[in-house]
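1. Mind looking at a prediction? Sequence and model below.
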Amino acid sequence: MPWRSRFGVELPAVRGKRDRVVSVEEADALLAALPDEDRAAWATAFFAGLRRGELLALRWEDVDLPAGVLRVERGYDDKAREFIEPKSRAGRRTVPIAAVLREFLIAHRLRSGRGEGLVFGASASDPFDYWTSKRRTERAWKAAGLAAVGMHEARHTFASLMIAAGVNAKALSTYMGHSSVTITYDRYGHLMPGNEEEAAVLLDAYLAKARAVGG
C-alpha cells in the first residue's frame, strides 16, 4: 500500500532490498541523526537523486542557489581516485533544488566556510572519504535506533518522491540522468499511479468520441 507523506502526497511502496525507499518522516529522522559534516550530502542524495560519484565530484560552481538548480558535470571513481566524465550524454544534466535541499546546502556552506571547489570535499580539491563517512553515518543511525540506508536507496527515494509529486516520466528521466526514458519506465513505471485505470478511461473516452463522430 502507498504511504502518505507529511504533505499529504501518497508515495508508492517499493519492495526489495535494493528498491527500498523511505518515507518523508523517516528521511527527516535519518538526516537529523547525522553528524553535521554528513547531513547535506545525504540530503542531496534524498532530494536530488545524485549518484555517489556525482556527490563526491559536485562543486560549488555547479550549484546555482539563486536559480534553484545544480548541474551534474562529472563523477568521481573512488577506486581509481580520479574525476571522470559522465558515462553518457544524459549523465551531464541540470537538477532542480527543492526548498528543503536549499536549506541544507546553505547551512553546509556556512558551516564549512567554503564557497568554491568541492561541495562535500575534505578540502576544496579532495573528495570526502565515502567509506569513512558510511561508517560514521551507520553508527549515528544505529545510536538513534534507525535502519541504515545506502546511497542507492536514497536515489530510489528521490525518484519515488518525484513520481508522487506528479513529475512526468520524461522530466524524471532527465533528473535521474537516464540515457533513455525507456529506462525510467522500465525501472519506475510500476510506481506511476493509475496507469491501467487512466489508460482505460482515456481509451473509452476516445472510442466514445470516435463513435459519436462516425454516427
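-> Structure received. Residues are numbered from 1 along each chain as shown.

2. What part of this structure, helix or strand, is modelled with the least confidence?
-> Lowest on mean pLDDT, DSSP states H and E among the helices and strands of the chain sits strand 3-4, with a mean of 37.

3. what about the helices in this structure?
-> 24-32, 36-48, 52-57, 99-112, 130-143, 151-164, 169-176, 181-188, 195-214 (DSSP state H).

4. Can you tell me which of these is nearest to residue 84?
-> For residue 84, the closest of the helices of the chain is helix 52-57, at 7.3 Å, according to Cβ to Cβ. C-betas here are computed from N, CA, C, even on glycine.

5. With only the CA atoms kept, save that closest one in CSV.
-> Provided in CSV are the C-alpha atoms of helix 52-57 (Å, rounded to 0.1, in the frame of the first residue of the first chain):
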residue,chain,number,x,y,z
ARG,A,52,27.6,8.5,-5.0
GLY,A,53,30.3,9.5,-7.5
GLU,A,54,28.4,12.6,-8.5
LEU,A,55,28.1,13.7,-4.9
LEU,A,56,31.9,13.2,-4.5
ALA,A,57,32.5,15.4,-7.6
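
6. Can you list the helices and strands that it packs against?
-> helix 36-48, strand 75-77, strand 82-84 (3 or more Cβ pairs under 8 Å, 6 or more residues apart in numbering; DSSP states H and E).

7. any idea of the mean pLDDT for stretch 82-101?
-> Here stretch 82-101 scores 92 as its mean pLDDT.

8. starting at the chain centroid, how far to it?
-> 10 Å (Cα atoms, centre = their mean, to the nearest Å).

9. circling back: the helices and strands packed on helix 52-57: which one's closest to residue 176?
-> Of those, nearest to residue 176 by Cβ to Cβ is helix 36-48, at 10.1 Å.
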